[in-house]
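Trainee: prediction below, plus the sequence it came from.
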Amino acid sequence: MYKNYIFDLYGTLIDIRTDEWSDTFWNRFACWLTEQGMSYSMQEVRKLYEAEVKKLVEQPSEYDCPEIDILPVFAKICRNRKADITDEQIWKVGEQFRILSTEFVKLYPDSQKVLTELKKSGKNVYLLSNAQRVFTRRELEITGILHDFDDIFISSDAGCKKPDKAFFEKLLQKHGLKVSECVMIGNDGSTDIAGARSVGMDAVYIRTAISPENEPVPDCKYVFEDGEIRHVLEL
């Protein structure tokens, strides 16, 4: 029925838990930076991080749902202590921030199978994720699905995020896709499903442990409350 399957990532294909708020995490990050020659206390680095994020969030945007790129925040943190640090090293700092704040990251049981079977059957498979590329690139690699997509759209690259229809339109326009031949698969009614609906796209809602708590069943064509992504192969 569908030619193009568009997947959300976190909570749909990948199960993940992160902690970017606790003092324990910020102390670990400050200690790691200090070991790399960029001396910070927990309070200093957290204050700078939050201030730089706030600046980016408050910048004007052409989009209804703007998204920031977090990498310049890490650049500011690094260059305040090490002016000659390279862009590659700043990327590594961003990755380490994510590693230290991640409790676990893993594929849901049937994610790999679903992606593989769709490709075998001649379908186009895309990723449309509200995410930061500096975090997500490594997580796609370690879970083994980086090369399972025909294209990957990350909100930090696009400057907008779901449910903004502009994010969906960027994918549709780049690949010349017909909305009637596409289906969005996600676990969040307010972003994945609402965004698909804004462009007239069918959607699959899969309720998982990362779905918004007590979220009502969204208005979409397919709903699976058991968290099993394998149902996508039955469409």
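Mentor: Ah, there it is.
Trainee: now residue 25: how far from residue 167?
Mentor: 29 Å (Cβ to Cβ, to the nearest Å). Any C-beta I mention is one placed from the backbone N, CA and C, and that applies to glycine too.
Trainee: so, low pLDDT: which residues of the protein?
Mentor: The model of the chain has no residue with pLDDT under 70.
Trainee: circling back: looking at residue 25 and residue 167, which is more packed in?
Mentor: Neighbour comparison, residue 25 and residue 167: the larger count goes to residue 167, with 27 against 19 (by other Cβ atoms under 10 Å).
Trainee: hmm, residue 155 and the more buried one touching each other?
Mentor: Yes - between residue 167 and residue 155 there is a contact under Cβ atoms under 8 Å: 6.5 Å.
Trainee: which neighbours do those two have in common?
Mentor: Common contacts of residue 167 and residue 155 (Cβ atoms under 8 Å, 6 or more residues apart in numbering): residue 161.
Trainee: helix, strand or coil for residue 106?
Mentor: strand (DSSP: H, G, I helix; E, B strand; the rest coil).
Trainee: any idea how far it is from residue 60?
Mentor: Counting by Cβ to Cβ, the gap from residue 106 to residue 60 is 38 Å.
Trainee: so for those two, which residue has more residues nearby?
Mentor: residue 106 (13 against 5).
Trainee: give me every residue that touches the residue positioned nearest the centre of the chain.
Mentor: In the chain, the C-alpha closest to the average C-alpha coordinate belongs to residue 131, at a distance of 2.7 Å (Cα atoms, centre = their mean). By Cβ under 8 Å, 6+ apart, the contact set of residue 131 is 9, 10, 154, 155, 156.
Trainee: repeat that for 6 Å
Mentor: Contact analysis of residue 131 by Cβ atoms under 6 Å, 6 or more residues apart in numbering lists residue 154.
Trainee: am I right that it is in a strand?
Mentor: No - per three-state DSSP, residue 131 lies outside any strand segment and is coil.
Trainee: that one and residue 89, how far apart?
Mentor: Taken as Cβ to Cβ, the span from residue 131 to residue 89 is 22 Å.
Trainee: need the helices for this protein, in chain order.
Mentor: 23-35, 42-57, 71-79, 87-101, 111-120, 133-142, 155-158, 165-175, 194-198 (DSSP state H).
Trainee: report the angle between the fourth one and helix 23-35.
Mentor: I take that to be helix 87-101. Relative orientation of helix 87-101 and helix 23-35, computed by axes from the mean of the first three to the mean of the last three Cα atoms, to 10 degrees: 150 degrees.
Trainee: what's the answer for the second one, then?
Mentor: Interaxial angle of helix 42-57 relative to helix 23-35 (the same axes, to 10 degrees): 100 degrees.
Trainee: same check, this time on the fifth one
Mentor: Going by the same axes, to 10 degrees, helix 111-120 is angled at 70 degrees with respect to helix 23-35.
Trainee: swap in the third one?
Mentor: Here the directions of helix 71-79 and helix 23-35 differ by 60 degrees (the same axes, to 10 degrees).
Trainee: packing partners for helix 71-79?
Mentor: helix 42-57, helix 87-101 (3 or more Cβ pairs under 6 Å, 6 or more residues apart in numbering; DSSP states H and E).
Trainee: redo that, cut-off 8 Å
Mentor: Counting contacts by 3 or more Cβ pairs under 8 Å, 6 or more residues apart in numbering; DSSP states H and E, helix 71-79 packs against helix 42-57, helix 87-101, helix 133-142.
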